[in-house]
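Novice: Fold the following.
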Amino acid sequence: MTRTDPPFAGRTVQAVFFDIGGPIYDDENFATAVLAALDDLLAEQGRPPADRARFRAVYDGVRAAQSGSLRRALAAEFLGDERRRDDLHARTRRYWRHGPGSLHPDVLPCLRALHGRVRIGVLANQEADVLDALRRDGVAPFMQVWAVSALVGHEKPDPALFEWAVKEAGTSPANAVHVGNRLDTDVRPARALGLATVWVLRGEAPPEPTAEQLAEPDVAVHDLRTLPRLILGDGRA
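Specialist: The predicted structure follows:
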């Protein structure tokens with residue numbers, strides 16, 4: 001592989017892993033599913049649907065902090081007990097789908113540019129049926145590593161999921177890049193293992209990241225259009 005210019009100077013990039021919610025699909029798919037699940041649980045208590053403004057405030061608070069579980073925060077705020085996060089997680093599975101039209105338009109061009117030059121994979125906390133959406137939208141043919149939590153049995157930020165992906169790609173952390181939109185479950189655990197990191201500023205990333213947050217990844221981007229050039233570093237992307 002060709003060594004890249006900054007921010008990946010000194011690395012021979014052999015594998016690139018993508019989070020799914022945010023970098024590949026619109027994260028509103030997840031937010032909508034969690035909200036529907038929350039409404040279900042409230043209805044079972046004989047209570048009205050969740051106040052949308054309060055829901056969005058909790059969601060935005062987790063985005064800004066870049067730490068903590070959204071479902072745990074919602075369980076504490078609306079269900080009165082953060083331990084009901086597991087109930088909310090289980091109910092969310094009923095609704096969590098990446099529907100047609102929610103694939104970000106920059107994804108396939110990015111994958112085409114990387115294809116054949118590096119090994120490509122997904123590395124994400126997702127349900128197993130996400131594979132159906134990735135096949136439907138033409139993403140699956142580019143993927144060689146399927147580090148999906150429901151399939152592998154580990155969830156980010158557990159380093160075991162990252163280690164599994166790196167091993168499956170047949171490379172080392174020093175020669176791998178992880179692309180995600182959260183600091184706590186993507187950037188920090190990947191960096192701790194020695195992977196290079198790309199923070200995609202959409203979805204569960206904060207709308208106005210702080211200078212301290214921006215200093216954590218190797219690079220932050222608003223979309224994937226510049227990613228092949230950054231990773232390949234040879235002007236041919």
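Novice: looking at this, Leu41 is in a helix?
Specialist: Yes: with DSSP: H, G, I helix; E, B strand; the rest coil as the criterion, Leu41 is part of a helix.
Novice: Pull up the gap between it and Gly10, please.
Specialist: Distance of Leu41 to Gly10, given as CB to CB, to the nearest Å: 49 Å. C-beta here means a position set from N, CA and C on the backbone, and glycine is covered the same way.
Novice: For those two, indicate the residue with more neighbours.
Specialist: Shown here are Leu41 and Gly10; by other CB atoms under 10 Å, Leu41 has more neighbours (19 against 9).
Novice: quick one, what contacts the more buried one?
Specialist: Applying CB atoms under 8 Å, 6 or more residues apart in numbering to Leu41 gives the contacts Leu79, Arg84, Asp87, Leu88, Arg91.
Novice: any idea which helix or strand comes after whichever strand or helix holds Gly61?
Specialist: Element membership for Gly61, per DSSP states H and E: helix 52-65. Next helix or strand after helix 52-65 toward the C-terminus (DSSP H and E): helix 70-74.
Novice: contacting residues around that next one?
Specialist: Under CB under 8 Å, 6+ apart, the answer for helix 70-74 is 34, 38, 50, 55, 58-59, 61-62, 82, 85, 88-89, 92, 204.
Novice: what about 6 Å?
Specialist: Leu38, Val58, Val62, Glu82, Arg85, Leu88, His89 (CB atoms under 6 Å, 6 or more residues apart in numbering).
Novice: and the residue lying closest to Ala76 once chain neighbours are set aside, how many residues sit next to it?
Specialist: Of all residues not flanking Ala76 in the chain, Glu82 sits nearest, at 4.0 Å (CB to CB, 6 or more residues apart in numbering). Per other CB under 10 Å, the neighbour tally for Glu82 reads 16.
Novice: same deal with the one 10 residues further on?
Specialist: Here the number of neighbours of Thr92 (other CB under 10 Å) works out to 20.
Novice: Pretty sure it sits against Val34.
Specialist: Yes: if you go by CB atoms under 6 Å, Thr92 and Val34 touch, sitting 5.3 Å apart.
Novice: Which residue is most remote from the mean position of this protein?
Specialist: Distance from the C-alpha centroid of the chain peaks at Gly46, with 34.2 Å (CA atoms, centre = their mean).
Novice: All the helices of the protein, in order from the start?
Specialist: Along the chain, the stretches classed as helices by DSSP state H are 28-44, 52-65, 70-74, 85-92, 107-114, 130-136, 149-152, 159-169, 188-193, 211-214, 227-232.
Novice: quick one: buried residues of the second one?
Specialist: Right, helix 52-65. Going by neighbour count (16 or more other CB atoms under 10 Å), the buried part of helix 52-65 is Phe55, Val58, Tyr59, Val62, Arg63.
Novice: Read off the pLDDT value for the third one.
Specialist: Predicted confidence (pLDDT) at Tyr59: the value is 94.
Novice: Give me the distance between it and Gly101.
Specialist: 22 Å.
Novice: so where's the chain uncertain?
Specialist: Residue ranges of the chain with pLDDT under 70: 1-6, 234-237.
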